[in-house]
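K.L.:
quick one, fold the following:
(one chain, ligands or ions: 2)
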Amino acid sequence: MPELRVGERQWTVAAGSNLLDALNQNGVSVPYSCRAGSCHACLVKCVEGLPSDSRPDALSHEQRRQGWRLACQCQVVDDLQVETFDPLRDGLAAQVAASDWLSPSVLRLRLTPERPLRYQAGQHLVLWADQVARPYSLASLPEEDRFLEFHLDCRQPGAFSEAARQLKIGDPIRLGELRGGALHYDPDWNTRPLWLLAAGTGLGPLFGILREALRQHHQGAIRVIHLAHDAGEHYLANPLQAMAEGRENLNVELWTAAELPAALAQLRLVSRQTLALVCGAPDSVDAFARRLYLAGLPRNQLLADVFVPHG
Ligand SMILES: Cc1cc2nc3c(=O)[nH]c(=O)nc-3n(C[C@H](O)[C@H](O)[C@H](O)COP(=O)(O)OP(=O)(O)OC[C@H]3O[C@@H](n4cnc5c(N)ncnc54)[C@H](O)[C@@H]3O)c2cc1C
Ligand code: FES
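P.N.:
Ligands and ions are numbered 1, 2, ... in the order given. The predicted structure is shown next:
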């Protein structure tokens, strides 16, 4: 049976064991969230030996060359020595620049990183606070904002949301590796209809993408739909409406959960050229995606990022 080593600790595991489970079940705490290779919370560094990897494409060539692997996607097949991701050593330091409630349940965190971070609207990274690591999406734009902005859904109790509630200006926080999901803005889309469908804080990355589309003078019609639990949770209603004023090609719709079935039933595609970007909790993304498919949107014109909760 292969041996697994972390620091001074060494133990044997069944060949083929999932690396994330083998570590966590033996007292080496490795954070995780999606267990699907998308959030990168479970990064570990292989310093001797290599595991078998089901998603080699999920990391860059350079990261893999340095030995980084996603533990949730790896199986232990041979002796292996790993180091866990240490936010103090491997993460980027940042400070809380502002912490504001945009609605009863949405906390906006603005962070100043120790050194500039090169990113694009729609990307996400893992935030570390009090040894809890969770993926969150960037709502800011590198060209226009000096801070990194995140919109956190704190409606339900959760380890990270509880820690985030306590954060004050100047508090330290660590940033994990930057990661791109499906969401982005492509200047080649300039004349095409663009639909941005957000559920809850799924609006954060889509707000960044909307601003990026406007910054790049998007010519096609842009339709923004924000689905929230109730009207009080339309936390960007004012800025969105202000952006729509005087812009004929931008339309903003605010839907509540109670209105969803009727509103979805009314959803019609005006053009087969439409691109739909969808983001939020799994059930809402699913509902949007199913309706878009029924309405005739080709599958490859739907880009979705799902806020999978910690498993
Ligand atoms: C790529 C990606 C990007 C994301 N971006 C964002 C973002 O920008 N904004 C955002 O708000 N979220 C985002 N998420 C989702 C967020 O990372 C998760 O919701 C995360 O789990 C929240 O962490 P937490 O510690 O607050 O809650 P956790 O402790 O991880 O709990 C997760 C959920 O389970 C519930 N729960 C916990 N314990 C119990 C229990 N005992 N009984 C019942 N329910 C329980 C919690 O209430 C919470 O809703 C993203 C997720 C991914 C994968
Ligand atoms: S990538 Fe492994 S838990 Fe998300």
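K.L.:
quick one, what contacts the residue in the chain that ligand 1 sits nearest to?
P.N.:
In the chain, no residue comes nearer to ligand 1 than Gly158, which is 2.1 Å away by Cβ to the nearest ligand atom. Every residue, glycine included, has its C-beta placed from N, CA and C. By Cβ atoms under 8 Å, 6 or more residues apart in numbering, the contact set of Gly158 is Arg134, Pro309, His310.
K.L.:
can you pull the pLDDT of it?
P.N.:
Looking at Gly158, its pLDDT stands at 93.
K.L.:
roughly how far does it sit from Gly220?
P.N.:
For Gly158, the distance to Gly220 equals 38 Å [Cβ to Cβ, to the nearest Å].
K.L.:
mind listing the helices for the stretch 101-250 of the chain?
P.N.:
159-165, 203-215, 237-244 (DSSP state H, counting those that start in this stretch).
K.L.:
quick one, which of the ones you listed is nearest to ligand 2?
P.N.:
helix 159-165 (14.1 Å).
K.L.:
now do the closest one: everything it contacts.
P.N.:
If you take Cβ under 8 Å, 6+ apart as the criterion, helix 159-165 is touched by 99, 107, 109, 127, 129-130, 132-134, 152-154, 310.
K.L.:
could I have the CA atoms of it written out in PDB?
P.N.:
Extracted as PDB, the C-alpha positions of helix 159-165 are listed here (Å, rounded to 0.1, in the frame of the first residue of the first chain):
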ATOM      1  CA  ALA A 159     -18.300  29.300   8.800                       C
ATOM      2  CA  PHE A 160     -17.000  31.900   6.400                       C
ATOM      3  CA  SER A 161     -20.000  34.200   6.500                       C
ATOM      4  CA  GLU A 162     -19.800  34.300  10.300                       C
ATOM      5  CA  ALA A 163     -16.000  35.100  10.100                       C
ATOM      6  CA  ALA A 164     -16.700  37.800   7.400                       C
ATOM      7  CA  ARG A 165     -19.400  39.500   9.600                       C
END
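K.L.:
that helix: how far from the chain's middle?
P.N.:
17 Å (Cα atoms, centre = their mean, to the nearest Å).
K.L.:
which parts of that helix are buried?
P.N.:
Phe160, Ser161, Ala163, Ala164 (16 or more other Cβ atoms under 10 Å).
K.L.:
could you do stretch 276-287 as well?
P.N.:
Ala276, Leu277, Val278, Cys279, Gly280, Ala281, Ser284, Val285, Ala287.
K.L.:
can you name the two of the residues you listed that are farthest apart?
P.N.:
Spatially, the most separated pair among these is Ala276 and Ala281, at 16.9 Å (Cβ to Cβ).
K.L.:
hang on, Ala98 is in a helix, isn't it?
P.N.:
No. Assigned with DSSP: H, G, I helix; E, B strand; the rest coil, Ala98 falls outside any helix and is strand.
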